[in-house]
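**Student:** no sequence for this one, just the structure:
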């Protein structure tokens, strides 16, 4: 088990995200910060990886690595802010990496400054880091599809934790109003950007 995640096709989302990033000034020191949030299995990792691959020098942080296990969402904003604040001053960031197999913290990871840092995972759109965020993207998909993706990736080990994790997600998203605050919304089924995605035309 490696933590909650999923996959999807990226469709039109990647060029839309790249254009939106280019239109905005750096917010994380000299670089830009893209946060890709949304429920488990919606397609955040796929989108984040594709955007980073299209951006020379980009780095990706998977928020699963910062979670203290299946009940770590309540503290993930603390770990995220500790990573990002030093980078806002132009330095490197550091975070401990959660070992999902051993169910404990592993080593420390250093994240050097980069022109684009992509942070993907549930809780990446934390309000306390909004001043550092260049673009907040919300990825969503139907419940059954997300569940199937989670099970396809992590197998039966994921199943007992699904509902528990979903309740924590719902609490966090309602508190932080993540979907409502997003700059761009993406349909994780096909990577499309809905016409009502905060003024972004579809097509």
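**Tutor:** Received the coordinates, thanks. Please read these numbers as outputs of a predicted model, since none were measured by experiment. Numbering: from 1, shown residues only.
**Student:** where are the low-confidence patches of this structure?
**Tutor:** 1-9, 155, 196-203 (pLDDT under 70).
**Student:** Run through the helices of it in chain order.
**Tutor:** Residue ranges of the helices in the chain, as given by DSSP state H, are 13-22, 44-53, 76-88, 143-154, 162-176, 178-181.
**Student:** quick one, which of those is packed in tightest?
**Tutor:** Highest mean neighbour count of the helices of the chain: helix 44-53, a mean of 23 (counted as mean count of other Cβ atoms under 10 Å). In short, each C-beta sits where N, CA and C put it, glycine included.
**Student:** circling back: relative to residue 28, which of the helices of the chain is closest?
**Tutor:** helix 76-88 (5.5 Å; Cβ to Cβ).
**Student:** what's the angle from that closest one to helix 162-176?
**Tutor:** Helix 76-88 runs at 60 degrees relative to helix 162-176, counting by axes from the mean of the first three to the mean of the last three Cα atoms, to 10 degrees.
**Student:** and helix 76-88, what other elements does it pack with?
**Tutor:** On a contact count with 3 or more Cβ pairs under 8 Å, 6 or more residues apart in numbering; DSSP states H and E, helix 76-88 meets strand 93-99, strand 116-120.
**Student:** Could you rerun that using 7 Å?
**Tutor:** Packing contacts for helix 76-88, counted by 3 or more Cβ pairs under 7 Å, 6 or more residues apart in numbering; DSSP states H and E, involve strand 93-99.
**Student:** which residue is nearest the centroid of the chain?
**Tutor:** residue 120 (2.0 Å; Cα atoms, centre = their mean).
**Student:** Let's have the helices of the chain in JSON lines, adding distance to residue 37.
**Tutor:** As requested, the helices of the chain are exported to JSON lines (distance: least, Cβ to Cβ, whole Å):
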{"stretch": "helix 13-22", "distance to residue 37": "13"}
{"stretch": "helix 44-53", "distance to residue 37": "7"}
{"stretch": "helix 76-88", "distance to residue 37": "11"}
{"stretch": "helix 143-154", "distance to residue 37": "14"}
{"stretch": "helix 162-176", "distance to residue 37": "8"}
{"stretch": "helix 178-181", "distance to residue 37": "5"}
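**Student:** between those, which gets nearest to residue 125?
**Tutor:** helix 178-181 (4.6 Å).
**Student:** Is residue 105 bridged to anything, and to what?
**Tutor:** Note on residue 105: beta-bridge partners by DSSP bridges are residue 98.
**Student:** what's the closest of the helices of the chain to residue 130?
**Tutor:** helix 178-181 (7.5 Å).
**Student:** ok, residues contacting that closest one?
**Tutor:** 37, 125, 136, 138, 173 (Cβ atoms under 7 Å, 6 or more residues apart in numbering).
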